[in-house]
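[1] sharing a model that was predicted from the sequence below.
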Amino acid sequence: MKTITIGVMPQEQIRARAVAIAKGEYKPKPGEPKIWFTSMKSVAEVLSDQNRALLKVIRESNPDSIAVLARTTGRQPGNLSRTLKTMSRYGLVDLQRGKTHVKPVVKASSFRILAPA
């Protein structure tokens with residue numbers, strides 16, 4: 001598995017950076033974050049101890065569906081689904097849709113957080 005680099009920057013700066021990239025005025029360097037949060041608080045919420053433990057369970061057990069993962073972890077499927085959707089929006093988890101189920105797949109085994117002092 002790989003390491004995902006996460007950046008922390010105010011929303012206005014994230015937006016300005018995205019516009020500059022779209023206009024071709026700025027080219028991201030290798031190793032720069034691809035995932036951005038607006039605060040350390042939001043990083044801490046998404047990558048809480050409980051959520052990192054969940055990512056580990058997904059990596060180790062490779063569940064076929066959210067229902068199987070819910071049984072494995074003892075969490076409610078609705079709560080688990082919301083958590084996974086949030087992680088998916090940030091690019092930490094892939095939710096692969098099948099005919100009758102959604103399979104969660106973790107995209108990284110570790111995280112590197114870059115935040116200005």
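    Received the coordinates, thanks. Numbers count the residues shown, from 1 in each chain.
[2] quick one, helices of the chain?
    Ranges of helices within the chain are 11-23, 40-46, 49-61, 66-73, 77-89, based on DSSP state H.
[3] could I get those helices in JSON lines, plus columns for mean pLDDT and mean neighbour count?
    Every C-beta, even on glycine, is put in place using the N, C-alpha and C of the backbone. What follows is the helices of the chain, written out as JSON lines (pLDDT from 0 to 100; neighbours: other CB atoms under 10 Å):
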{"stretch": "helix 11-23", "mean pLDDT": "95", "mean neighbour count": "12"}
{"stretch": "helix 40-46", "mean pLDDT": "95", "mean neighbour count": "14"}
{"stretch": "helix 49-61", "mean pLDDT": "95", "mean neighbour count": "14"}
{"stretch": "helix 66-73", "mean pLDDT": "94", "mean neighbour count": "16"}
{"stretch": "helix 77-89", "mean pLDDT": "94", "mean neighbour count": "15"}
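[4] with distance to residue 103 added, can I get the ones you listed in CSV?
    Below are the helices of the chain laid out as CSV (distance: least, CB to CB, whole Å):
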stretch, distance to residue 103
helix 11-23, 30
helix 40-46, 20
helix 49-61, 10
helix 66-73, 8
helix 77-89, 10
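[5] of all those helices, which one is nearest residue 106?
    The closest of the helices of the chain to residue 106 is helix 49-61. By CB to CB, the value is 4.9 Å.
[6] gap between that closest one and the chain center?
    12 Å (CA atoms, centre = their mean, to the nearest Å).
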